[in-house]
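Trainee: Curious how this folds, go ahead:
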Amino acid sequence: MYSMVKKDTKKISPSFEENIAYMNEVLPVKESFDVIRREIEIGGKEAVFFFIDGFMKDEAMLKIMDSFLSVSAQDMPEDADDFVQRHVPYVEVDILEDFDEVIRNVLAGTTCLFIDGYKECICIDCRTYPARSVDEPDKDRSLRGSRDGFVETIVFNTALMRRRIRDPHLIMEMVEAGQASRTDIAICYMSDRVDGELLDNLKKRIESLQLGDLRMNQQSLAEALFKRKWFNPFPKFKYTERPDTAAACLLEGKVVILVDNSPSAMILPTSILDMIEEANDYYFPTVTGVYLKTTRIMITIATVFFTPLYLLFMQNLEWLPDVFAFVAVRDTVNIPLVFQFLILELSIDGLRLAAMNTPTMLSTPLSVIAGIVMGEFSVQSGWFNSEVMLYMAFVAVANYTQPNFELGYALKFMRLLLLILTACFDLAGFIIGCILILCFLVFNKTLSGRNYMNVKLN
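Mentor: Prediction:
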């Protein structure tokens, strides 16, 4: 069926029987219980509805059908356009002329009506999608901001942004990607503020996509739009589940991409400073916001360099100033410090994955018990030193100061790189690692053609 859908450009025939036979052939009316064909008589003429059961508003459809049943043969117009104007009591109505549009609309949830004597199909958009409430996202919370968040329905998400920006320059273009999934994509921008070159480049990339489907929705689109280098883990897009953040980015001249079935927005262009921003930076007075952002930047830098620097000084105790002599490891080191750090990095990720897959009511107590028991007895058993446990605990908690999940793991990989190079080559390895991290940032080209430092790359 999919091959027919993606290649079909056949025009609707004036013959009612041919149209219905073709629809019965393409759509799995008999095989799929939710693909419904409903026959009705309108003004003495045969008519057939095609729709998906789970997408239709029953109340709206009942009123429409009741209106159709009251149409007499004398009131039936000669063409579909007059029929829509006079007898369709609904707002969102369109007239389709080829089967590609008809099949696509039926599978997207709209109701398509064929009437004997009309060479067009009447498309009535009285669909509704299953949707959850627009609650505030768990990951990106705000202390004083709004308490709503994006959901999996693209129309709801565009409405949340339109509610905040009542400006005719706000444009939301709808396109499709995926020959099988036919996923809706909304490109949102302010026409008087957006970078025209970036917008044209983005549209060309989306139009030229040759994809069978967007299996993982937003992530599949991101990978198709920009082929990332596997060795550079820094993200190419900024993601947010907050409509106020997306609206603020639109007003700054950025482009926001919404993908149906995905509860977050992709924002571009972006830089390293954009990545570590969050809504709280703007909901407080200027001094407080600057302080919060500066603190987050400092802690983000510390998560990368803290443990490698500690390892470097432990390998060269003579470099350690007397005032910081207390940080030196006093207990017996049974396992080399670098291996302790690497094992704890993996253990922390293991605890995080376990917490994600633990029932909500048990996740907090189990995490506390696991942290206390494992931390206490691992030190007493001699596997780890207490200083190493303390510094890794700081790194684990500090990772949550910035909201971007992908950036957090990118920084983690940079920290691991620094640890390994420092352990192998001492000071030279630490310097080489710092240079590599700078190169990852400088040469991390994004879709806008700029790097993380907002510098144009060729």
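Trainee: can you tell me how far the spatially closest residue to residue 147 that is not a sequence neighbour sits from residue 40?
Mentor: In this structure, residue 147 finds its nearest non-sequential neighbour in residue 136, 4.5 Å apart by C-beta to C-beta, 6 or more residues apart in numbering. (Glycine included, C-beta is placed from N, CA and C.) Per C-beta to C-beta, to the nearest Å, residue 136 is found 45 Å from residue 40.
Trainee: do the same with residue 434
Mentor: Distance from residue 434 to residue 40, by C-beta to C-beta: 73 Å.
Trainee: re the thing from before, next up, the contacts around the residue nearest to residue 147.
Mentor: 142, 146-149, 242 (C-beta atoms under 8 Å, 6 or more residues apart in numbering).
Trainee: pLDDT score for it?
Mentor: Per-residue pLDDT puts residue 136 at 83.
Trainee: Can you report phi and psi for it?
Mentor: In terms of degrees, to the nearest 10, the main-chain angles of residue 136 are phi -60, psi 140.
Trainee: pull the longest helix from the chain.
Mentor: helix 405-442 (DSSP state H).
Trainee: Could you give the number of residues near residue 341?
Mentor: Counted by other C-beta atoms under 10 Å, the residues lying close to residue 341 total 23.
Trainee: repeat for the one 10 residues further on
Mentor: Neighbours of residue 351 under the rule other C-beta under 10 Å: 16.
Trainee: And stretch 222-230, end to end?
Mentor: 14 Å (C-alpha to C-alpha, to the nearest Å).
Trainee: which outside residues touch that stretch?
Mentor: With C-beta under 8 Å, 6+ apart, stretch 222-230 has contacts from 177, 202, 205-206, 209, 211, 214, 236-237, 266, 446-447.
Trainee: Restricted to buried residues, select those in PyMOL.
Mentor: Per 16 or more other C-beta atoms under 10 Å, the buried members of these correspond to this PyMOL selection:
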select buried, resi 177+202+206+209+211+214+236+237+266+446+447
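Trainee: circling back: could I get the contacts of residue 136 as JSON lines with neighbour count, pLDDT and distance to residue 420?
Mentor: As requested, the contacts of residue 136 are exported to JSON lines (neighbours: other C-beta atoms under 10 Å; pLDDT from 0 to 100; distance: C-beta to C-beta, whole Å):
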{"residue": "142", "neighbour count": "18", "pLDDT": "82", "distance to residue 420": "38"}
{"residue": "146", "neighbour count": "17", "pLDDT": "87", "distance to residue 420": "44"}
{"residue": "147", "neighbour count": "11", "pLDDT": "88", "distance to residue 420": "43"}
{"residue": "148", "neighbour count": "18", "pLDDT": "91", "distance to residue 420": "44"}
{"residue": "149", "neighbour count": "25", "pLDDT": "92", "distance to residue 420": "39"}
{"residue": "242", "neighbour count": "26", "pLDDT": "92", "distance to residue 420": "37"}
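Trainee: Please confirm that residue 174 is located within a strand.
Mentor: Yes. Counting by DSSP: H, G, I helix; E, B strand; the rest coil, residue 174 is part of a strand.
Trainee: my guess is it contacts residue 188, does it?
Mentor: No. With contact defined as C-beta atoms under 8 Å, residue 174 does not count as touching residue 188 (10.1 Å).
Trainee: Mind giving me the packing neighbours of the longest helix of the chain?
Mentor: In this structure, helix 405-442 makes packing contacts with helix 286-315, helix 337-356, judged by 3 or more C-beta pairs under 8 Å, 6 or more residues apart in numbering; DSSP states H and E.
Trainee: Buried ones in it, by neighbour count?
Mentor: 407-408, 410-423, 429-430, 432-434, 437, 440-441.
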